[in-house]
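> build me a structure from this.
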Amino acid sequence: MPSENTTDPNCGICAVSTGARDVPHGILYQDDLWVVRHSAPPYGVAGWLTLQTRRHCPEPASFNNAEARSFGPTLRYFEGVLREITGALRIYTVAMGESFPHFHGHMVPRYAETPGDVKTYRVFLLSEQAAKGEITVDEAEVQRICEEFKARVAGGIPTLPA
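Residues are numbered from 1 along each chain as shown. Predicted structure coming up:
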């Protein structure tokens, strides 16, 4: 079981949750366990959000009991809000954890008008295409999604009935 230290000063994701590092569009949601933010530009998909633990831990197998109890309801709630805001056909969810040894799950909308009609893992290649200038995402749409998501989740994660 990992240490219960809340942050690692050398971790870029921990730096976001502590406020030591700014991110485009800011933090969209933060509580004692979770942080949500939009991906950084160049954007491959408008609404590509990341759910990360506040505490430094590499993967769900390392979650403490509070994180483990909260993860499913939290992910379901955030993805439902994201789907409603974006009108996406589906929200893809993936967590690989190799860029940083810190849990961060990607929540990526797939739209009916996704460039090249890509599906499944290929949606993750859209960021590479954006970096090459092959596709562009409307910054105003990213801003709209971020503002609406932040407003919708400001009250916190609903508690599930027993």
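
> report the central residue of this structure.
Nearest to the geometric centre of the chain sits Thr50, at 1.2 Å (CA atoms, centre = their mean).

> isn't that one up against Trp34?
No: look at Thr50 against Trp34 with CB atoms under 8 Å: they stay out of range, at 10.5 Å. No exception for glycine: its C-beta is placed from N, CA and C like everyone else's.

> Thr159 and Arg90, how far apart?
In this view, Thr159 and Arg90 are 26 Å apart by CB to CB, to the nearest Å.

> swap in Cys57?
Counting by CB to CB, the separation of Cys57 from Arg90 is 27 Å.

> compare these two (neighbour count), which wins?
Ranked by neighbour count (other CB atoms under 10 Å), Cys57 and Arg90 place Cys57 first, with 24 against 14.

> and that one, what's its pLDDT?
In the prediction, the pLDDT value recorded for Cys57 is 88.

> now it: which helix or strand?
If you go by DSSP states H and E, Cys57 is not part of any helix or strand.

> and the top helix by length along the chain, what's buried?
Taking DSSP state H as the criterion, the chain has its longest helix at helix 65-86. Buried residues in helix 65-86, counted by 16 or more other CB atoms under 10 Å: 67, 70-71, 74-75, 77-79, 81-83, 85-86.

> of those residues, just say which sits nearest to Lys132.
For the buried residues of helix 65-86, the residue nearest Lys132 by CB to CB is Thr86; the value is 24.0 Å.

> Ala46 is in contact with the closest one, correct?
Yes: judged on CB under 8 Å, Thr86 makes contact with Ala46 at a distance of 7.3 Å.

> quick one: common contacting residues for those two?
Jointly contacting Thr86 and Ala46 under the rule CB atoms under 8 Å, 6 or more residues apart in numbering are 109, 145.
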